[in-house]
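A.B. asks: model the structure of this input:
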Amino acid sequence: MTTETVTLPLEGLVVLDMSQFLSGPYCSLRLADLGARVIKIERPDGGDLSRRLYLSDTEIGGDSTIFHAINRGKESLAINMKDPADLEALRKLIGKADVLIQNFRPGVIERLGLDYDAVRAINPALVYASISGYGDEGPWVMRPGQDLLAQARSGLMWLNGDEGQGPVPFGLAVADMLAGAACCQGILAGLVRKGITGKGMHVQTSLMEALIDFQFEVLTTHLNDGRRVPKRSEFRSAHAYLSAPYGVYEAKDGWLAIAMTPIARLADLMGIDSLAPYRDDPKLAFSQRDTIKRLISDKVATASVDHWLSVLEPADIWCAKVLDWPELLASEGMAVLDMLHTVTREDGVSIETTRLPMRLNGHRPAKPGAAPLIGAHSAAIRKEFGL
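C.D. replies: Below is the predicted model of the structure:
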């Protein structure tokens, strides 16, 4: 069986993506990768604001790389929300869709007359998904639902970096990505329910809810150990809770990550005699975490990464070389995963980007289409759906 012959699980479903920036479009990207037809609803004058959200000074075909990455394989229908005729056409299209995704600021979707209650009257079987910054009630509702600000309010930043360093944000838009993933899960559950009952569902999530869920493991520990505030390691911190040797250490020619390993085992394999006082009491790996990690760091620095891998890996110690992007992209492990592909737009613009991070019946589906030009499919969609 070839990749092209695989029937994708969401083929035949029509998704209207009225969202912008990252969280909603990430959700619809995953639905598109799984076979859904995603029609991106954009303003005629500028489209999705992320078209101009630049991560660098690189622009491809007039749009940012992030827009290309997160909107590949979708169609674009230009709709002027201030034009009554366009709004009526959109309502008609909603009546024929399976899923609608929106992440407007609070109150905007109601003013447009496209909130869930209004839309349910048009299409009772629709799975309607809303992503917000902080839910739909409480003191933060009207605050900007932006990734860095959500991270700031979530407590997440105090889990990164070394103790004494201050709050450290993730170097990725984790709130947007996780909220999009949670929304996708909710939509899929809603579609299953629709298949059973014939009725739609309103799926709601937010950046804050996704970040709280992201921390479930350590937050549950905090809630049940007397609510002690987690203390990051002062040296080579990699986890606010886990004991030594958990961390990343500098070798002669690079960096080595070492995960959960008994101190005695590591001391014997690496010949670290100075770890003798910490061998037999597992509690010391917590209370003397920084001291132990400094002793390990001193030893790691005496040899190359490959040397330590040759010592530790045959002994089944959990360790790995820390790769940068050039090393990752040149690695056999990355090549075998086949996670990259080149997609091309109707005007000939091409971009190399990532693929669906899962296989279906042993194959990774490929969608060759790139992110669309604004309104590139308007005429065809209007004709198809009689808008």
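
A.B. asks: C-alpha from now on. contacts and neighbour counts both.
C.D. replies: Will do.

A.B. asks: residue 13 and residue 98 touch, don't they?
C.D. replies: Yes - assessed by Cα atoms under 8 Å, residue 13 is found in contact with residue 98 at 6.0 Å.

A.B. asks: stretch 367-384: how far from the chain's middle?
C.D. replies: Put simply, stretch 367-384 sits 25 Å off its chain's centre (Cα atoms, centre = their mean, to the nearest Å).

A.B. asks: would you map the helices across the stretch 151-300 of the chain?
C.D. replies: Ranges of helices within the stretch 151-300 of the chain are 174-197, 207-214, 216-224, 263-270, 284-287, 289-300, based on DSSP state H, counting those that start in this stretch.

A.B. asks: partner residues bridging the residue nearest to residue 321 when sequence neighbours are not counted?
C.D. replies: In space, and not counting its chain neighbours, residue 321 is closest to residue 256: 4.8 Å by Cα to Cα, 6 or more residues apart in numbering. Beta-bridge partners of residue 256, counted by DSSP bridges, are residue 249, residue 321.

A.B. asks: if I pick residue 256, what's in contact with it?
C.D. replies: When contacts are counted by Cα atoms under 8 Å, 6 or more residues apart in numbering, residue 256 touches 248, 249, 250, 305, 319, 320, 321, 322.

A.B. asks: any idea how far residue 239 is from the closest residue to the first one other than its chain neighbours?
C.D. replies: Once its chain neighbours are removed from consideration, residue 248 has its nearest residue in residue 257; the separation is 4.3 Å (Cα to Cα, 6+ apart). Residue 257 sits at a distance of 12 Å from residue 239 (criterion: Cα to Cα, to the nearest Å).

A.B. asks: list residues touching both of the two?
C.D. replies: In contact with both residue 257 and residue 239: 246, 247, using Cα under 8 Å, 6+ apart.

A.B. asks: re the thing from before, so what's the residue nearest to residue 248 up against?
C.D. replies: By Cα under 8 Å, 6+ apart, the contact list for residue 257 reads 246, 247, 248, 249, 319, 320, 321, 322.

A.B. asks: let's see 6 Å
C.D. replies: With contact taken as Cα atoms under 6 Å, 6 or more residues apart in numbering, residue 257 is in contact with 247, 248, 319, 320.

A.B. asks: pLDDT score for it?
C.D. replies: pLDDT, residue 257: 94.

A.B. asks: would you verify that residue 342 is located in a helix?
C.D. replies: No - assessed with DSSP: H, G, I helix; E, B strand; the rest coil, residue 342 is strand; it does not lie in a helix.

A.B. asks: just grab the bridge partners of it for me.
C.D. replies: Bridge pairing for residue 342 - DSSP bridges - gives residue 352.

A.B. asks: is it in contact with residue 351, as I believe?
C.D. replies: Yes - contact criterion Cα atoms under 6 Å: residue 342 and residue 351 qualify, at 5.5 Å.

A.B. asks: so for these two, which residue has more residues nearby?
C.D. replies: Taking neighbours as other Cα atoms under 10 Å, residue 342 and residue 351 compare with residue 351 leading, 19 against 14.

A.B. asks: ok, that one to residue 69 distance?
C.D. replies: Distance from residue 351 to residue 69, by Cα to Cα: 8 Å.

A.B. asks: could you do residue 76 as well?
C.D. replies: The gap separating residue 76 from residue 69 is 15 Å, by Cα to Cα.

A.B. asks: the two: which is more packed in?
C.D. replies: With neighbours defined as other Cα under 10 Å, residue 76 and residue 69 compare such that residue 76 has more, 24 against 20.

A.B. asks: for the more buried one, give me its contacts.
C.D. replies: Residue 76 neighbours (Cα under 6 Å, 6+ apart): 39, 40, 372, 374, 375, 376, 377.

A.B. asks: who wins for neighbours among these?
C.D. replies: Neighbour max across these (other Cα under 10 Å) = residue 40, 29 neighbours.

A.B. asks: partner residues bridging it?
C.D. replies: residue 17, residue 76.

A.B. asks: and it, how far is that from residue 32?
C.D. replies: Per Cα to Cα, residue 40 is found 11 Å from residue 32.

A.B. asks: next one: residue 241
C.D. replies: 38 Å.

A.B. asks: those two: which is more packed in?
C.D. replies: Taking neighbours as other Cα under 10 Å, residue 241 and residue 32 compare with residue 32 leading, 25 against 17.

A.B. asks: skipping its backbone neighbours, what lies nearest that one in space?
C.D. replies: Nearest one to residue 32, counting by Cα to Cα, 6+ apart, is residue 38 at 6.0 Å.

A.B. asks: show me the shaky parts of the stretch 1-150 of the chain.
C.D. replies: Across the stretch 1-150 of the chain, the ranges flagged by pLDDT under 70 are 1-5.

A.B. asks: please identify the helix or strand for residue 113.
C.D. replies: According to DSSP states H and E, residue 113 maps onto no helix or strand at all.

A.B. asks: so is residue 129 in a helix, a strand, or just coil?
C.D. replies: When classified by three-state DSSP, residue 129 comes out as strand.

A.B. asks: could you give the average pLDDT over stretch 280-298?
C.D. replies: The average of the pLDDT scores along stretch 280-298 is 94.

A.B. asks: if we go by neighbour counts, what in it is buried?
C.D. replies: 284, 285, 286, 289, 290, 291, 292, 293, 294, 295, 296, 297 (16 or more other Cα atoms under 10 Å).

A.B. asks: now do the strands in the stretch 251-387 of the chain.
C.D. replies: For the stretch 251-387 of the chain, strands defined by DSSP state E, counting those that start in this stretch occupy the ranges 255-258, 319-321, 340-344, 350-354.

A.B. asks: between those strands, which one is closest to residue 187.
C.D. replies: Shortest distance between residue 187 and the strands of the stretch 251-387 of the chain, using Cα to Cα, is found for strand 350-354: 22.5 Å.

A.B. asks: nearest spatial neighbour of residue 279, skipping sequence neighbours?
C.D. replies: Per Cα to Cα, 6+ apart, closest to residue 279 is residue 264, 4.6 Å.

A.B. asks: where does the nearest residue to residue 142 once chain neighbours are set aside land in three-state SS?
C.D. replies: Once flanking residues are discounted, residue 142 sits nearest to residue 106: 6.7 Å by Cα to Cα, 6+ apart. Recorded secondary structure, residue 106: coil (three-state DSSP).
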